[in-house]
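Engineer: Predicted structure and sequence below. I'll ask about it afterward.
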Amino acid sequence: MHDERPIRHAPVPSDDAGVSFVMPVLNEESYLERAVRSVLAQDVPGPTEFVLALGPSTDSTDAIARRLAAEDPRVRLVDNPDADIPRGLNRAIRASSYPTVVRVDAHSELTPGYVRRALETLARTDAASVGGVMRADGHTAFQRAVARAYNSPIGLGGANYHGGTHESEAESAYLGVMRREVLDEVGLYDESIRRGEDWELNLRIRRAGYRVWFDPKLVVTYWPRDSWVRLVRQFLATGAWRGELVRRYGRRNSLRFFAPPALVVVAALAVVAGVLQSMRMLRGPAAAVASLIYIPLALYVLVVSFSAAGRHGGTGWRDRLWTAAVLPTIHLAWGFGFLRGALMGAHDTVDTSRLTTDAPPA
């Protein structure tokens, strides 16, 4: 995990030195208040501050943020006119002052005791960045299906933060509780990267010789996108930026990132083979060889079917059908975006699912 460099110990400030929470916000009227309340309720030794970087929302997000800031002096607001997540995070970090920085997300809620445990883990391991489990949940049938896909081992590739159970050094940290001194040393978030910014930041932290640590006792509830269109938009952008990161960092990317684009290639080849066979342009041995492309596709369908039918598929037949539909939607959108990003670069690709609001929680 350390690129064969000597391990460096991150600074450990005093227990009461203070914690800065930072959050980029755009069109989050349905989720913002619950996310902020979960942060303000944290039992943290020493002072805290919560800096919200407000993008150009088109709903009532800004009004909610201003009300929360008026109610609690710990909440502060900064402008993020570009709406980019890395730029908003950097603006919030630069506007904050305490030696430990906690990244939070408007679609997430911290469980009680999250920050106190994270501070203990940072001190115990001398790590520079600590993260835990992203436990997805949903309010609607579709959102619950997306949450099951997130939590399933085959949904998003089985990374630690999607269900790991053992503490260990990690490739990246979900959201992240980080030492400011190390963030300043490595240069904060890379503002040229619009998705995958956490992975890239943690890569630089590891390349600088520091530990990134996974602690499964740190749990964050995450509310995924609540419509099919937004889900596709999100994963097209996520895949494109992962493809861009592969262009930039090559072998440093985990092999699991290559599974969705491989699925897209196999599916495309299967369609071509099927068309050629139906037109009788492939016959005899050539047709038999071409038919081999259906095998991995059939295996994928079986894996998705078993996953949807099993404990990760939900409790009723409607849940299982939704899960069976959501899994390939995520994989194909992510894979198509990856191929585009890897071949042509992500350029100005943005996650347009953030430009409209999700349905309010039930």
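Structural biologist: Done, it's in.

Engineer: where do the strands sit along the stretch 201-350 of the chain?
Structural biologist: 212-222 (DSSP state E, counting those that start in this stretch).

Engineer: Do you have the helices of it handy? List them.
Structural biologist: 228-249, 259-278, 284-291, 294-309, 317-344 (DSSP state H, counting those that start in this stretch).

Engineer: which stretch among the ones you listed comes nearest residue 156?
Structural biologist: Residue 156 lies closest, by C-beta to C-beta, to one member of the helices of the stretch 201-350 of the chain: helix 317-344, at 7.3 Å. Every C-beta, even on glycine, is put in place using the N, C-alpha and C of the backbone.

Engineer: list the helices and strands that closest one packs on?
Structural biologist: Counting contacts by 3 or more C-beta pairs under 8 Å, 6 or more residues apart in numbering; DSSP states H and E, helix 317-344 packs against helix 141-151, helix 228-249, helix 259-278, helix 294-309.

Engineer: Give the buried residues for the second one.
Structural biologist: In this case it means helix 228-249. For helix 228-249, a neighbour-count test (16 or more other C-beta atoms under 10 Å) marks 230-246, 248 as buried.

Engineer: where does the stretch 201-350 of the chain dip in pLDDT?
Structural biologist: Scanning the stretch 201-350 of the chain with the threshold set as pLDDT under 70 gives 312-314.

Engineer: residues in contact with the residue lying closest to residue 294 once chain neighbours are set aside?
Structural biologist: Closest residue in space to residue 294, ignoring its immediate chain neighbours: residue 270 at 5.8 Å, by C-beta to C-beta, 6 or more residues apart in numbering. Applying C-beta atoms under 8 Å, 6 or more residues apart in numbering, we find residue 270 in contact with 293, 294, 297.

Engineer: and what of residue 224?
Structural biologist: Residue 224 sits next to 107, 136, 138, 143, 146, 147, 150, 231 when contact means C-beta under 8 Å, 6+ apart.

Engineer: quick one: contacts for the residue most central in space within the chain?
Structural biologist: Taking C-alpha atoms, centre = their mean, the centroid of the chain lies closest to residue 174, which sits 6.8 Å from it. For residue 174, the contacting residues are 131, 132, 133, 134, 161, 198, 220, by C-beta under 8 Å, 6+ apart.

Engineer: can I assume the second one sits in a helix?
Structural biologist: No: when the secondary structure is assigned by DSSP: H, G, I helix; E, B strand; the rest coil, residue 132 falls in strand instead of a helix.

Engineer: What about it, how many residues nearby?
Structural biologist: Counted by other C-beta atoms under 10 Å, the residues lying close to residue 132 total 29.

Engineer: Retrieve the pLDDT associated with it.
Structural biologist: Residue 132 carries a pLDDT value of 96.
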